[in-house]
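Trainee: Requesting a structural model of the entry that follows:
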Amino acid sequence: MSVATAHSSTAFQVRSLFRSLLRQSSQFSNYNFREYARRKTRDSFRESQKESEERRIQELIQNGLQDLRLLKRQTIISQFYQLDKLVVEGQKTGKQSGEQGDIVRQKDTGWD
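Mentor: Okay, the predicted model is just below:
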């Protein structure tokens, strides 16, 4: 195998791993976990993008594959624990009132 072929196959592996990690991180049901996984993936790849030693690149790929397995397991576990959507997620919740379908927040009773 020539050096150019080895380099292009490694680049393909790295891009594929990056896409898989981002795709898997979007499977988290909780917004905070989802954003943390995306941010960690991007930061890790940015941090090591200048790496040129082949042995170190293979170590990083193996670490990435291990992280992917961990993410797959954690996303399955997170599906069991559904939490309310956060405001930043853009879901309208509450009681509908008015003619335009506006959402009115209802006050919790018993806390006064």
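
Trainee: Now residue 9: which helix or strand?
Mentor: helix 3-25 (DSSP states H and E).

Trainee: The helix or strand just after that helix to helix 3-25, inter-axis angle?
Mentor: Sequence-wise, the next helix or strand downstream of helix 3-25 (DSSP H and E) is helix 31-47. If you take axes from the mean of the first three to the mean of the last three C-alpha atoms, to 10 degrees, helix 31-47 sits at 170 degrees to helix 3-25.

Trainee: Tell me the buried residues in helix 31-47?
Mentor: Residues 33, 34, 37, 41, 44, 45 are the ones in helix 31-47 that count as buried (16 or more other C-beta atoms under 10 Å). For the C-beta atoms, the positions are set from N, CA and C on the backbone; glycine is no exception.

Trainee: Check which helices and strands the longest helix seen in the chain sits against.
Mentor: Longest helix in the chain by number of residues (criterion: DSSP state H): helix 54-78. Judged by 3 or more C-beta pairs under 8 Å, 6 or more residues apart in numbering; DSSP states H and E, helix 54-78 is in contact with helix 3-25, helix 31-47.

Trainee: Just name the closest of the buried residues of helix 31-47 to residue 11, please.
Mentor: Set against residue 11, the nearest of the buried residues of helix 31-47 by C-beta to C-beta is residue 45 (12.3 Å).

Trainee: Now do the contacts for that closest one.
Mentor: 14, 18 (C-beta atoms under 8 Å, 6 or more residues apart in numbering).

Trainee: On the pLDDT front, check it for me.
Mentor: Looking at residue 45, its pLDDT is 94.

Trainee: Residue 34 too?
Mentor: Looking at residue 34, the pLDDT reads 89.

Trainee: All further residue positions should be reported with the first residue as 17.
Mentor: Sure, I'll start numbering at 17, so the last one becomes residue 50.

Trainee: So the residue lying closest to it once chain neighbours are set aside versus residue 55, what's the distance?
Mentor: Nearest residue to residue 50, sequence neighbours excluded (C-beta to C-beta, 6 or more residues apart in numbering): residue 44, at 4.0 Å. From residue 44 across to residue 55, the span is 12 Å (C-beta to C-beta, to the nearest Å).

Trainee: and if you look at residue 31?
Mentor: Relative to residue 55, and taking C-beta to C-beta, residue 31 is found at 19 Å.
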